[in-house]
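S.K.: When you get a sec, could you give me coordinates for this:
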Amino acid sequence: MDKLQGILLGIVKSSFGVAVNEDALLANQLKDPKWSQKLSRVIHEELDVKVTPEEMQSSVSLFQLSILLNSRLTTDPMERSLVDVYWILKRLIKEGLSHEINYHWYAIWLGDLLYESDSLDDVEIVISMEQEFGFSISD
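M.R.: Below is the predicted model of the structure:
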């Protein structure tokens, strides 16, 4: 499974309340009759990628959908997509926190990223992000 498939699994589970098999037909797994419209909208909101409901239906599986979306993800000057940034942040956070977290893909954070962290953890994460992405956050 590639990085984007993992994110898509999370998006589908949070949007439809079901875990899907990435190789099986989406239409058979998502019982909502408007699944392609809803998933199209959510993917646009979450990943800033436009895909029509018709393209959703023709993609057939989550695996095929990830191939389509990978071709449309925008990248920064260093050739990193939003998906790449997510995985970099996940790594930095896991390295920087002294406690375990439930880290999942959400445009609006619903997890416990900094809930149980102390200020030293917070500072270390910010410094790691500054170094990784080449920017500075003022005090």
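S.K.: Report the contact partners of residue 48.
M.R.: Contact analysis of residue 48 by CB atoms under 8 Å, 6 or more residues apart in numbering lists 74, 82. (Glycine included, C-beta is placed from N, CA and C.)
S.K.: gap between it and residue 19?
M.R.: As for residue 48, its distance to residue 19 is 25 Å (criterion: CB to CB, to the nearest Å).
S.K.: ditto for residue 34
M.R.: Shown here: residue 34 relative to residue 19, a distance of 20 Å by CB to CB.
S.K.: leaving aside the residues next to it on the chain, what's closest to residue 89?
M.R.: residue 129 (7.3 Å; CB to CB, 6 or more residues apart in numbering).
S.K.: What count of nearby residues applies to that neighbour?
M.R.: Applying other CB atoms under 10 Å, we find 18 residues neighbouring residue 129.
S.K.: Contact partners for it?
M.R.: Applying CB under 8 Å, 6+ apart, the residues near residue 129 are 89, 92, 135, 137.
S.K.: same check, this time on residue 65
M.R.: Contacts of residue 65 (CB under 8 Å, 6+ apart): 8, 26, 51, 56, 59.
S.K.: out of the residues you listed, who has the most neighbours?
M.R.: residue 8 (26 neighbours).
S.K.: Which pLDDT value belongs to it?
M.R.: As predicted, residue 8 sits at a pLDDT of 91.
S.K.: and the residue nearest to residue 89, that's in a helix?
M.R.: Yes - under DSSP: H, G, I helix; E, B strand; the rest coil, residue 129 sits within a helix.
S.K.: how much space between it and residue 92?
M.R.: If you measure residue 129 against residue 92 using CB to CB, the figure is 6 Å.
S.K.: Equivalent analysis for residue 5, please.
M.R.: Residue 5 sits 22 Å away from residue 92 when distances are taken as CB to CB.
S.K.: Please enumerate the helices of the chain.
M.R.: For the chain, applying DSSP state H gives helices covering 3-16, 26-29, 35-47, 53-59, 62-70, 82-96, 119-133.
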